[in-house]
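>>> Sequence first, then the predicted structure:
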Amino acid sequence: MGITKLADLIRWEAPGAISHKHVGDYTGKVIAVDTSIMLNQFRTVTPSLSPLTGLFFRTLTLLEHDIKPIFVFDGKPPREKFAALRKRAEAAGWHAHNHLGTASLQTKDTLHLLKLLGVPMLQAPGDAEAFCAWLVKRGTAEAVSSEDMDTLPFGAHVMIRHLNAKRDSDVVEYSLPKLLEILQLTHMEFVDLCILLGCDYCDKITGFGPKRALTLIQKYRTIEDVVLHINRKTHPVPNNWKYKEARKLFLDASQTALPELTWTEPDEDALVAFLRRATYVKENRIRHRMEKFREMRERKRKKMEKERAIPQYTQTRVDDFFKVLRKRVQPVEAADGGSSKKKRKTR
């Protein structure tokens with residue numbers, strides 16, 4: 001899933017593009033969330049629980065930090081991704097992959113839960129991470145929350161991983177502009193690098209490690225020129241290699257009309273009724289979490305009001321206390337030693 005070993009390569013070659021932050025550092029910001037990635041996290045970490053339970057608690061954590069999430073859902077995947085999806089389905093023991101992008105029963109339950117939580121949801125025309133990146137590029141969101149590294153070649157200026165932290169330095173932030181500056185690559189060259197590393201949209205040339213792929217792109221700048229200068233016996237190029245199609249998918253921004261995005265207060269009673277039915281979470285646990293959520297929001301509100309009430313002083317310069325006067329012009333002695341009416345010119 002994503003770009004093979006891209007996170008390792010960035011850590012080795014461009015650590016300056018990575019920041020370690022706390023969830024509270026994103027207070028007041030709009031974050032586009034790759035929903036399917038988040039749900040898969042919950043399935044992996046807590047397989048015995050419904051991912052809806054994790055989504056409920058995670059969303060409240062974001063909201064009580066005054067983060068405004070936009071949950072983005074996958075649409076119909078591009079045809080170039082079918083082979084990767086088929087392999088993934090076989091590895092998971094499924095009979096088939098969802099190549100139509102139709103909503104499953106669990107997806108419908110997820111949509112209903114998010115509606116009760118009062119957060120906006122969007123259906124991507126294709127891959128969710130591509131649409132999230134587009135939301136950042138157009139200024140609707142300030143960052144993408146995803147574990148999928150191909151969010152970066154899609155053009156997200158800021159990508160966040162592990163947005164579930166409660167301790168300092170647990171959230172990992174990647175800056176695409178800093179990354180391109182450090183690696184001395186354009187965005188298109190970076191996309192070609194990601195294709196060489198291995199992506200979901202086409203096969204890759206075998207035998208290249210991440211550092212070797214970076215060196216080749218930095219030297220030759222395009223996949224076409226890389227192919228001309230490698231040993232094709234030791235590094236065979238795939239037959240009918242669709243790297244151009246993959247490049248186009250990464251570079252072509254999603255375009256779609258956006259509805260008005262609004263965030264409303266969670267509906268506690270409706271959440272209790274729904275979660276008891278869908279997840280079997282006990283009512284007192286839900287009520288307790290909602291009470292904690294309200295208390296946290298109230299503390300933050302009072303803190304902000306207190307900060308606004310503190311006068312903001314500005315430092316005054318010495319010149320502001322004294323009126324600047326024009327310097328008195330001194331008479332110049334005449335050549336014969338007498339006084340003269342002629343005065344020195346001032347600049």
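The structure has been received and is ready for your questions. Here the structure is a predicted model, which is why all the values come from computation and not from measurement.
>>> just the helices in the protein please.
6-13, 35-45, 51-64, 82-92, 105-117, 128-137, 176-183, 187-197, 210-220, 223-228, 243-251, 268-278, 283-309 (DSSP state H).
>>> How about residues contacting the second one?
Spelled out, that is helix 35-45. The set of residues external to helix 35-45 that reach it, using Cβ atoms under 8 Å, 6 or more residues apart in numbering, is 49, 51, 53-55, 58, 71-74, 106, 110, 121, 128-129, 145-148, 164. Yep, even glycine has a C-beta here, placed from its N, CA and C like the rest.
>>> Pull out the buried positions in the helix or strand of the chain at the bottom of the mean pLDDT ranking.
Of all helical and strand segments in the chain, the minimum by mean pLDDT, DSSP states H and E falls on helix 82-92, at a mean of 77. Across helix 82-92, burial judged by 16 or more other Cβ atoms under 10 Å covers 84-85.
>>> Distance from it to the middle of the chain?
26 Å (Cα atoms, centre = their mean, to the nearest Å).
>>> From the contact counts, what lies against that helix?
Helix 82-92 is packed against no helix or strand, with contacts defined by 3 or more Cβ pairs under 8 Å, 6 or more residues apart in numbering; DSSP states H and E.
>>> contacting residues for the nearest residue to Val158 once chain neighbours are set aside?
Counting by Cβ to Cβ, 6 or more residues apart in numbering, Val158 lies nearest to Ala143, which is 3.9 Å off, once chain neighbours are set aside. Counting by Cβ under 8 Å, 6+ apart, Ala143 touches 26, 29, 31-32, 136, 156-160, 173.
>>> between those residues, which is closest to Ala246?
Nearest to Ala246 among these is Ala156, at 17.4 Å by Cβ to Cβ.
>>> how much space between the residue nearest to the closest one when sequence neighbours are not counted and Ala143?
Setting aside the residues directly before and after it, Ala156 is nearest to Ala133 in space (Cβ to Cβ, 6+ apart), at 3.9 Å. From Ala133 across to Ala143, the span is 10 Å (Cβ to Cβ, to the nearest Å).
>>> overlap in contacts of those two?
Counting by Cβ under 8 Å, 6+ apart, the residues touching both Ala133 and Ala143 are Ala156.
>>> where does the stretch 1-150 of the chain dip in pLDDT?
1, 88, 92-103 (pLDDT under 70).
>>> give me that answer again for 90
Low-confidence segments of the stretch 1-150 of the chain, defined by pLDDT under 90: 1-2, 24, 41, 44-46, 48, 78-106.
>>> coming back round to it: okay but the residue nearest to Ala156 is in contact with Gly155, surely?
Yes: counting by Cβ atoms under 8 Å, Ala133 touches Gly155, with 4.9 Å between them.
>>> Of these two, which one has the most company?
More neighbours surround Ala133 than the other of Ala133 and Gly155, with 29 against 19 (other Cβ atoms under 10 Å).
>>> Tell me who's in contact with that one.
Ala133 sits next to 144, 151, 154-156 when contact means Cβ under 8 Å, 6+ apart.
>>> Which members of the residues you listed are the farthest-apart pair?
Farthest pair in the contacts of Ala133, by Cβ to Cβ: Val144 and Gly155, 9.9 Å.
>>> Report the set of residues contacting both of the two.
In terms of Cβ under 8 Å, 6+ apart, Val144 and Gly155 are both contacted by the residues 133, 136.
>>> what about the residue nearest to Glu80 when sequence neighbours are not counted, neighbour count?
Spatial nearest neighbour of Glu80, chain neighbours left out: Tyr201 (4.2 Å); criterion: Cβ to Cβ, 6+ apart. If you count neighbours by other Cβ under 10 Å, Tyr201 ends up with 24.
>>> cool, and Glu260?
Counted with other Cβ under 10 Å, residues neighbouring Glu260 total 5.
>>> Looking at the contacts of Ala133, which are in strands?
Val144 (DSSP state E).
>>> For the contacts of Ala133, give me TSV that also has distance to Thr264.
Converted to TSV, the contacts of Ala133 look like this (distance: Cβ to Cβ, whole Å):
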residue	distance to Thr264
Val144	23
Thr151	27
Phe154	29
Gly155	30
Ala156	27
